[in-house]
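A.B. asks: Next comes the sequence, and after it the predicted model I'd like to discuss.
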Amino acid sequence: MKRYFRMELRRAFRNKRIITAFSLGIGLSIWHYFAYIYPLREFVYIREYPLSTYNKWIGGECYSLQSSLLYMLLPIICALPYGESWIYDCTKSIGEQAMIRGGKTPFILTKFLVSFVNGAIIALLPLLFDFALTSSVLPAIMPKVGLGLSPIGARALLGDLFYDYPFIYTLIYIGINGLFFGLLNTLSFVSRLFTTNRYMVILAPFLYYMAFHCIGTTIHRFDLCPSGFLRPCQQFETTWSILIAEIFLIFAICCFSTFKYIQEEHGLL
């Protein structure tokens, strides 16, 4: 399985689409910096409570176009480099040959794991990059509850931690993003059960993501919308039970699909 894992990691991170994915994520961060952060450099030295990195980086504010675009497009960006790898292996008989040489179960599990790792890293990089870029201009001032400068309320997820230890809160929330988008990216691996269209395979994580958004906004349960509660600024406040339930649902779908692939008797297609 280690040999498979190294091989698939090379396929996931050594292709032209990974450059496109990283360019889109980093490009949105740079656009956010010049459009929204760089003009604020003059406000650092005014005789008022200074603006803070924690309230202005791309995950810490809910108002900029760049932040909205990033959290809308991340499922597609994450799926670009490796999303159609599984369907490609199925149609080109690459998977059949790999399974004959090294076993079916290790190969399928490796595809699932690499899909997760690929999606998590692609989601994490622009967030960490933007936080570092914003910190180069704005100071990391401790947020204060009564000033109204932060969109995070006292009842928000980890709200107390944000006002006591904002850096730890930011790292934890970025980690939650990596976990969620990594698992979401594995839905490209799952979608082969329903379609052999390469474009639908890449769009599968985005469609799942938007399905929760549409359901939540339709029934006025905004705490169900991952496009809002995944932002560290928590555009929509949620609870641990909802967050864990949505993560568990994606994981359960992937486990069921992996089991189905392993149980298939006549190859992959």
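C.D. replies: Structure received.
A.B. asks: If you count neighbours, what's buried in the helix or strand harbouring Ile122?
C.D. replies: Assigned by DSSP states H and E, Ile122 belongs to helix 104-135. The neighbour-count check on helix 104-135 (16 or more other CB atoms under 10 Å) flags 104, 106-127, 129-131, 133-135 as buried. For the C-beta atoms, the positions are set from N, CA and C on the backbone; glycine is no exception.
A.B. asks: same deal with stretch 169-185?
C.D. replies: In stretch 169-185, counting by 16+ other CB under 10 Å, buried: 169-170, 172-174, 176-185.
A.B. asks: Stretch 187-197 too?
C.D. replies: 187-192.
A.B. asks: Would you mind stating the distance between Leu161 and Ile172?
C.D. replies: Shown here: Leu161 relative to Ile172, a distance of 7 Å by CB to CB, to the nearest Å.
A.B. asks: Low-confidence bits of the stretch 151-269 of the chain, can you list those?
C.D. replies: 264-269 (pLDDT under 70).
A.B. asks: how about the helices in the stretch 51-200 of the chain?
C.D. replies: 53-56, 65-79, 85-91, 94-102, 104-135, 159-164, 166-185, 187-190, 198-218 (DSSP state H, counting those that start in this stretch).
A.B. asks: now the longest one against helix 198-218, angle please.
C.D. replies: Put plainly, it is helix 104-135. Interaxial angle of helix 104-135 relative to helix 198-218 (axes from the mean of the first three to the mean of the last three CA atoms, to 10 degrees): 60 degrees.
A.B. asks: Report the distance from helix 104-135 to the chain centre.
C.D. replies: Computed by CA atoms, centre = their mean, to the nearest Å, the chain-centroid distance of helix 104-135 equals 8 Å.
A.B. asks: just checking, what packs against the helix or strand containing Ile19?
C.D. replies: Taking DSSP H and E as the criterion, Ile19 maps to helix 16-32. With contacts defined as 3 or more CB pairs under 8 Å, 6 or more residues apart in numbering; DSSP states H and E, the packing partners of helix 16-32 are helix 65-79, helix 104-135.
A.B. asks: TSV for the ones you listed, including distance to Arg6 and mean pLDDT?
C.D. replies: TSV is the format used below for those (distance: least, CB to CB, whole Å; pLDDT from 0 to 100):
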stretch	distance to Arg6	mean pLDDT
helix 65-79	21	93
helix 104-135	10	90
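A.B. asks: Turn these into a markdown table, including distance to Asp89.
C.D. replies: Output for the helices and strands packed on helix 16-32, formatted as a markdown table (distance: least, CB to CB, whole Å):
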| stretch | distance to Asp89 |
| --- | --- |
| helix 65-79 | 16 |
| helix 104-135 | 8 |
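A.B. asks: For Leu157, find the nearest of these.
C.D. replies: Closest to Leu157 of the helices and strands packed on helix 16-32 is helix 65-79 (CB to CB; 15.8 Å).
A.B. asks: Distance from the chain centre to that closest one, please.
C.D. replies: 8 Å.
A.B. asks: Residues contacting it, please?
C.D. replies: 21, 24-25, 28-29, 31-32, 35-36, 58-59, 61, 118-119, 122-123, 126, 181-182, 184-185, 188, 201-206, 208-209, 227, 230-231, 233 (CB atoms under 8 Å, 6 or more residues apart in numbering).
A.B. asks: hmm, which of those are the buried ones?
C.D. replies: Applying 16+ other CB under 10 Å to those flags 21, 24-25, 28-29, 31-32, 36, 58-59, 61, 118-119, 122-123, 126, 181-182, 184-185, 188, 201-206, 208-209, 227, 230-231, 233 as buried.
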